[in-house]
Every structure is written in structure tokens, then in C-alpha cells.
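Engineer: Next one to model:
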Amino acid sequence: MSTDNTSILLVYTGGTIGMIENPVTGALENFSFAQLKKHVPELQKFSFNIDSCQFDKPMDSSDMDAKAWRRLVDIIVQNYDRYTGFVVLHGTDTMAFTASALSFMLRGLTKPVILTGSQLPIGVIRTDGKENLLTSLEIAAAHRPDGEPMVQEVCVYFENKLMRGNRTTKLNAEDFNAFRSYNYPDLATVGIHIRYNQNAIHYDEVKTPLEVHTEMDTSVAILKLFPGIQEMVVSSVLSIEGLKGVVLETYGSGNAPRKDWLIDCLSEATRRGVVIVNVTQCKSGMVDMDRYETGYQLKSAGVLSGYDITTEAALTKLMFLFGQGLSVEEVRQGMMHSIVGEISML
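Structural biologist: Numbering: from 1, shown residues only. All right, here's what the predicted structure looks like:
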């Protein structure tokens with residue numbers, strides 16, 4: 001496909017990358033595409049069309065929720081046939097959550113949806129936003145020799161790395177290298193050339209219509225274990241009224257304290273139909289509840305292995321599955337299988 005037929009929609013949700021520093025007052029002003037073109041004149045050099053839209057009221061990413069994800073999905077779906085790719089400007093704090101959620105909400109993508117942002121505003125001299133934006137646009141417009149988009153999934157691009165969206169996590173609040181995909185290879189690395197890892201990029205051999213799922217059930221929680229955790233803390237979380245799913249952050253390969261009260265709390269919750277998924281607090285590696293007795297006891301209590309899924313993906317996957325109105329057993333089965341490449345199945 002020639003660049004004459006390539007058109008990218010730039011969607012601004014909020015966040016640092018869209019803030020422009022007023023050179024007179026030093027104050028940060030909200031995004032406008034006219035300002036963006038002024039501060040990033042390189043945009044004029046692209047040979048493909050770039051349009052933009054934004055949330056009516058830009059959101060700090062710490063305010064992101066399921067309602068905002070639905071707004072973003074609606075924008076993409078309404079414009080899906082008009083554009084060959086999408087770049088979403090998003091605050092960094094919850095970018096991994098949004099990327100994970102979108103991967104479940106937009107199944108069967110045949111076009112790229114690339115989330116990017118920055119640690120410094122686009123108008124600041126040392127900003128990382130300019131390179132992140134320009135490269136994200138270039139990747140979104142890239143095609144294979146057969147004319148198909150080079151990337152056909154939800155991704156995060158940050159500091160020279162293109163990553164599968166539901167494999168990412170934010171690892172640093174200050175460095176430009178703020179995101180990492182610990183348990184899955186990068187989809188592309190960027191230097192003088194953009195080198196795509198096509199073996200890692202998802203392609204559907206059989207093209208199916210885009211499946212859009214906007215219902216997300218947020219009756220979920222994260223419970224992180226720590227040395228000295230008290231029974232009242234665990235029982236308080238697990239007894240939340242209406243609770244349907246819990247991401248249990250454990251130690252190492254999925255281990256927890258050998259406390260009778262802990263197993264009793266977990267067993268009682270699973271008997272009530274609460275789906276509890278075991279993920280490791282470690283940045284990389286996989287949960288293996290058969291490896292040690294401390295992990296096996298969780299399995300005996302009905303806790304599911306999250307394998308190598310991130311906390312962000314596990315949480316949004318629970319929201320997605322419960323949002324489909326599935327039974328508890330169907331949700332449990334869904335959590336143990338990869339839906340959109342969020343876990344590695346050995």
C-alpha cells in the first residue's frame with residue numbers, strides 16, 4: 001500500500017506529552033494539533049495524512065477508568081474504516097492498564113493501535129515526547145511488502161522500543177526508558193533503522209471481523225502480600241460486597257505464607273465464586289504453584305495460576321471476562337488461557 005493511501009488518526013486523551021509549555025509564562029497548556037505542529041515541525045515531512053481528535057476534556061492518566069476506555073474504543077471503532085492506523089497519546093501512569101484493556105476490548109485488529117506518551121512535555125527542549133510521537137506515527141504507517149500493516153495489535157511505544165501492550169508495565173517514574181516488556185520480546189527496536197521482530201508480532205492467518213467489547217466489570221481488586229500481613233487485611237479485601245475477581249500478588253514463583261488463616265480466607269472466597277489469580281510480584285518470571293509447597297497450598301485453595309501475566313493485564317482481563325456476563329467457571333477457564341497473547345503458554 002502506498003503512503004498516498006495511508007492515513008493515521010492521532011488521539012489525545014491527556015497526559016504530559018500533549019502539554020505545551022508557554023514560552024512567556026512557563027505554564028503548561030493543553031494539547032491542540034496546531035500547537036503540536038508548531039513544536040514538532042517534522043510532522044510536515046510525513047508523506048501520509050495525519051488527522052487528530054481529543055477527549056472533550058483531557059484526562060490525567062491517573063483518572064483513567066473503564067468509562068474512559070469505552071470512549072477511546074468508540075473513537076477507534078467509529079473511525080476504523082477511515083484510517084490505516086491509530087496513535088493514542090496517553091499519560092504514562094496508567095498506560096499499561098489502558099493498553100491491556102484495549103487489547104481485550106478490540107479483538108481481531110488488523111490495524112495498529114499504538115499508545116505513547118512522554119516524561120517531559122512536548123514543548124520542553126529535552127523532551128522525549130517528540131521522538132516517541134514521530135516514531136509511533138512512522139510505525140503506525142508501516143506496511144509489509146504485501147500491503148498489510150506491519151503491526152496489527154495494541155502496542156506501547158516508548159524510548160526506542162515497541163512492545164505488546166498487554167505485556168508492558170511502567171518501571172520508572174523519572175527515566176525516559178519508562179516501560180518494559182519483561183516476559184515477551186520487543187516487537188521492534190528503533191535506532192538508525194526500525195527493526196521489526198516479525199516472529200513476535202501477532203498476525204491472524206484468517207482475517208475475522210473486528211470484535212468490539214465495551215462492557216468491563218470493575219468488581220475486582222488487587223491484593224498484594226507482604227511480610228507480616230494480617231488476617232483482617234486479607235479478609236477485609238476478600239469480603240468486599242459484590243467482589244468478583246482478585247489479582248493476588250505473591251512472592252517469587254507464586255508463593256505465599258504458610259498460614260492456616262490465609263488458606264481458609266482464600267478457600268472460602270473461591271467457594272463463594274470469587275476468581276483469584278496468582279501473579280508474581282517479581283518483574284519477570286512465571287508463577288509455578290507446583291514448585292514449592294507454599295505455592296501448592298494456594299492451588300489447593302482454588303487459586304488460579306496467572307503464569308507470566310502482568311498485574312495490569314490480569315486485572316483488565318478479569319474486568320473483560322466478567323463484563324461478558326460469563327459464569328464463574330467460564331471466567332476461570334478464560335483466565336487459564338491466552339486470549340490475545342497476554343500470557344505465554346508452555
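
Engineer: Near residue 244, how many other residues are there?
Structural biologist: Burial of residue 244 is recorded as 20 neighbouring residues (other CB atoms under 10 Å). Quick note: C-beta positions are derived from backbone N, CA and C, even for glycine.

Engineer: how far away is it from residue 306?
Structural biologist: Going from residue 244 to residue 306 by CB to CB, to the nearest Å gives 16 Å.

Engineer: now do residue 97
Structural biologist: Taken as CB to CB, the span from residue 97 to residue 306 is 16 Å.

Engineer: who has more neighbours, these two?
Structural biologist: Neighbour count, other CB under 10 Å: between residue 97 and residue 306, residue 306 has more, with 28 against 25.

Engineer: With adjacent residues omitted, what lies nearest to that one?
Structural biologist: Nearest residue to residue 306 in three dimensions, chain neighbours excluded: residue 279, at 4.1 Å (CB to CB, 6 or more residues apart in numbering).

Engineer: Going along the chain, name the helices of the stretch 1-150 of the chain.
Structural biologist: Using DSSP state H, counting those that start in this stretch, the helices of the stretch 1-150 of the chain run over 33-39, 66-78, 95-105, 129-141.

Engineer: Other residues contacting the second one?
Structural biologist: Contacts with helix 66-78, where a contact means CB atoms under 8 Å, 6 or more residues apart in numbering, come from 9, 11, 13, 53, 55, 59, 86, 88, 98, 101-102, 105-106, 113, 210, 212, 214, 216, 218, 319.

Engineer: Any of these buried? List them.
Structural biologist: 9, 11, 13, 59, 86, 88, 98, 101-102, 105-106, 113, 216, 218, 319 (16 or more other CB atoms under 10 Å).

Engineer: Mind picking the lowest-pLDDT entry from those?
Structural biologist: Of all the buried ones among the contacts of helix 66-78, residue 59 has the smallest pLDDT value, namely 88.

Engineer: quick one: that one and residue 14 touch, right?
Structural biologist: Yes - with contact defined as CB atoms under 8 Å, residue 59 reaches residue 14; the gap is 4.0 Å.

Engineer: Could you name every residue contacting both of the two?
Structural biologist: With CB under 8 Å, 6+ apart as the test, residue 59 and residue 14 both reach residue 91.

Engineer: tally of neighbours for the nearest residue to residue 164 once chain neighbours are set aside?
Structural biologist: For residue 164, ignoring the flanking residues on the chain, the nearest one in space by CB to CB, 6+ apart is residue 184 at 5.5 Å. Residue neighbour count, defined by other CB under 10 Å, stands at 18 for residue 184.

Engineer: Check residue 149 too.
Structural biologist: 22.

Engineer: Now do the contacts for it.
Structural biologist: 84-85, 110-112, 142-143.

Engineer: run the last query once more with 7 Å
Structural biologist: With contact taken as CB atoms under 7 Å, 6 or more residues apart in numbering, residue 149 is in contact with 84-85, 110-112, 143.

Engineer: Of the residues you listed, which pair is most distant in space?
Structural biologist: Within the contacts of residue 149, two members stand farthest from each other by CB to CB: 110 and 143, at 11.9 Å.

Engineer: residue ranges for the strands of the stretch 51-200 of the chain, please.
Structural biologist: All strands of the stretch 51-200 of the chain, identified by DSSP state E, counting those that start in this stretch, fall at 85-89, 106-107, 113-116, 154-158, 161-164, 169-170, 179-180, 188-190, 194-196.

Engineer: Give me the residues contacting the second one.
Structural biologist: Counting by CB under 7 Å, 6+ apart, the neighbours of strand 106-107 from elsewhere in the structure are 73, 76, 113, 154, 210-212, 340.

Engineer: Could you rerun that using 6 Å?
Structural biologist: With CB atoms under 6 Å, 6 or more residues apart in numbering as the test, strand 106-107 has contacts from residue 211.

Engineer: same check, this time on the fifth one
Structural biologist: By CB under 6 Å, 6+ apart, the surrounding residues in contact with strand 161-164 are 155-156, 181, 184, 186-188.

Engineer: ok, 7 Å please
Structural biologist: Outside strand 161-164, the residues that touch it by CB under 7 Å, 6+ apart are 139, 153, 155-156, 179, 181, 184, 186-189, 341.

Engineer: Show me which of those residues are buried.
Structural biologist: Buried by 16+ other CB under 10 Å: 139, 153, 155-156, 179, 181, 184, 186-188, 341, out of those.
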